[in-house]
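Chemist: What shape does this take:
(2 chains, ligands or ions: 2)
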Amino acid sequence: MLQLENVSKQFKNSFVALQDIDLTVQPGEILSLVGTSGCGKSTLLRIIAGLEHPTLGHASINGEWVSAPHPSVGVIFQESRLMPWLTVWENVQFGLDAANQPDHQSITEQALAKVGLSAFADSLPRQLSGGMAQRVAIARALVTRPTILLLDEPFSALDAFTRANLQDHLLDIWNDDRPTLILVTHDIEEALVLSDRIILLRPNPGQIHREFTLDLPRPRKRTESQLQRWKDRLVEELNLSLIERSLTEV
Amino acid sequence: MSQSTRLSSESFNAPALGRRRESSQWTIALIVPGILLLLWEVLSRVGVFPSNLLPAPTAIAATLWELTASGELLGHILATLGRMLLGFALGTVVATVLGALTGYSPVARRLLDPLLQALRSIPSLAWVPLFILWLGIGETSKFALIAVGVFFPVYLNLMTGIQGVDCKLVEVGRVYRFDQFQMIRRIFLPATLPSYIVGLRSGLGLGWMFVVAAELMGASRGLGFLLVDGQTTGRASVILASILLFAVLGKITDSLLAAAGDRLLYWQDSYGAHR
Ligand SMILES: Nc1ncnc2c1ncn2[C@@H]1O[C@H](COP(=O)(O)OP(=O)(O)OP(=O)(O)O)[C@@H](O)[C@H]1O
Ligand SMILES: [Mg+2]
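Modeler: Numbers count the residues shown, from 1 in each chain, chains lettered A, B, ... in the order given. Ligands and ions are numbered 1, 2, ... in the order given. This next block holds a predicted model:
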């Protein structure tokens, strides 16, 4: 179980990016963080990943305080962040040495097959398209078998078709091991299609504005009327979160 | 795997195409020098250029041949190459250690870099008298001088290369809980290689400059000695022959380094790699 207790983050320039975030995420839950640009979504994710330290409060995984990257956490960044000097195969294996897995070959093979890139094992990152590179990044995150997978706008640089494709892919992968997924996204539809719960953040300072639980079966059709209604509601709330903000500022 | 084999056969064709274009560029590049050489030969023969100051290309070739036949030239070349190699190795090793240190550790950088930058602003040839005083006129002062010349470009490129490593890639290492050693070996080393090789190449270039300086200041062997010898005995063809040899050796060693670099940096997605 992942818990955030009273997490606040103030950067060195005294900018308060997050304030009093309390959040509990159940194992296997798919959670989306949405909110306007600059409201602290990435910062929150980086705190969970152990890449950033909160100024107040703490994140904990199974009761253990996060002070550095946790072994059971995988991260997929917005950019694929592949090592340009390694082949696709070697990139996927990248985290394995450190994690000391016994059976590298077959694990790598499986992960590459899962993202449909077995044929490109010997290619270099520069020979891949953006979508392929992001799939390699997903495979790289999978080989260490994380129980918590953090994704920071993983598909935002891709076209709508590839994005929808990878979202389905992500659900397939999630179905295998049922890790906790925490997804930062700008795309409300993406959040609606994937998540059990959507957290809406508001900016200045970043706080939880509203929380929505989606009790809909998966896979969900993007065209479903129920999703459309949810979407309207969320967009409205997003606007509200901004208006409220400006009212209190006056 | 069929797709990946197709991929690799494509990448096989690309260099072949490039090579054809390269060879035609080579012939183009040779036109102007060829004409100039011919003009030089003719003007020397008819006596426009005084032969004791600017001998004809064929005269220089003849001198080269004489020197080669007598076995003298090989000794000079080996002497120069030997000095160069040792000085280059010395400078590179020290620069690599210090550059890695100051690049990687902020403490070491604050401690050492200001001093090294201050030393760098001294024109390296200004060291010559001091080195001779300290180390004598023999080989040691020559190695030292060459090493100083090689040191700074290698040091500077390595340090800035390490500092320029993309912190986004370093974060990936952090997520996988790499220790310092793994960080260096698996991220910093490969990521720094491009600028390190640039440093080695410019270090080599400076090394050649300093080997000339070192040999001019007093040597009984080496191409630099041949330069001085040509001057004192009034043989312009010997001077020109040694200049030519310096150019050839410099080009060969640089090409070797560049080729080694290209082999190591095959993964780079840069403008130069696609030409
Ligand atoms: N290292 C830093 N130093 C100072 N301020 C920072 C730093 N990193 C982020 N911030 C600020 O914190 C706020 C939140 O940043 P964050 O990257 O978490 O936003 P975000 O919600 O992910 O935005 P986006 O949707 O555009 O990615 C921003 O206003 C940003 O300017
Ligand atoms: Mg962000």
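Chemist: Tell me the pLDDT of B:L115.
Modeler: Model confidence at B:L115, given as pLDDT, is 94.
Chemist: and if you look at B:G234?
Modeler: 88.
Chemist: Go ahead and report the secondary structure state at it.
Modeler: With DSSP: H, G, I helix; E, B strand; the rest coil as the basis, the three-state label of B:G234 is coil.
Chemist: What is the neighbour count of it?
Modeler: For B:G234, the neighbour count with other CB atoms under 10 Å in any protein chain shown is 10. Bear in mind the C-beta positions are built from the backbone N, C-alpha and C, glycine included.
Chemist: Just give the nearest non-adjacent residue to the residue in chain A that chain B sits nearest to, would you?
Modeler: The minimum distance from chain A to chain B, using CB to the nearest CB, falls at A:R126 (3.5 Å). What sits nearest to A:R126 in space, not counting adjacent residues and going by CB to CB, 6 or more residues apart in numbering or on different chains, is B:D269, at 3.5 Å.
Chemist: Settle this for me: the one you found is touching A:W85, isn't it.
Modeler: No. In this structure B:D269 lies outside contact range of A:W85 using CB atoms under 8 Å: 10.5 Å.
Chemist: which of these two has more neighbours?
Modeler: More crowded of B:D269 and A:W85, by other CB under 10 Å: A:W85, with 21 against 11.
Chemist: Helix or strand: which one has the more buried one?
Modeler: Using DSSP states H and E, A:W85 sits within no helix or strand.
Chemist: B:A259 too?
Modeler: Using DSSP H and E, B:A259 sits in helix B:236-264.
Chemist: What is that helix packed up against?
Modeler: helix B:57-69, helix B:72-104, helix B:189-216, helix B:223-232 (3 or more CB pairs under 8 Å, 6 or more residues apart in numbering or on different chains; DSSP states H and E).
Chemist: Tell me which residues of the first one come out buried.
Modeler: This points to helix B:57-69. B:P57, B:A59, B:I60, B:T63, B:L64, B:L67 (16 or more other CB atoms under 10 Å in any protein chain shown).
Chemist: Now tell me what touches that helix from outside.
Modeler: B:37, B:40-41, B:44, B:51, B:55, B:73-74, B:76, B:226, B:235, B:237-238, B:240-241, B:244-245 (CB atoms under 8 Å, 6 or more residues apart in numbering or on different chains).
Chemist: please redo it, this time with the cut-off set to 7 Å
Modeler: B:L37, B:W40, B:E41, B:S51, B:L73, B:S237, B:V238, B:L240, B:A241 (CB atoms under 7 Å, 6 or more residues apart in numbering or on different chains).
Chemist: isn't there a helix covering the second one?
Modeler: If I follow you right, that is B:W40. Yes. Membership of B:W40 in a helix is supported by three-state DSSP.
Chemist: Near it, how many other residues are there?
Modeler: Applying other CB under 10 Å, I find that B:W40 has 18 neighbouring residues.
Chemist: Now do the contacts for it.
Modeler: So B:W40 contacts B:A56, B:P57 (CB under 7 Å, 6+ apart).
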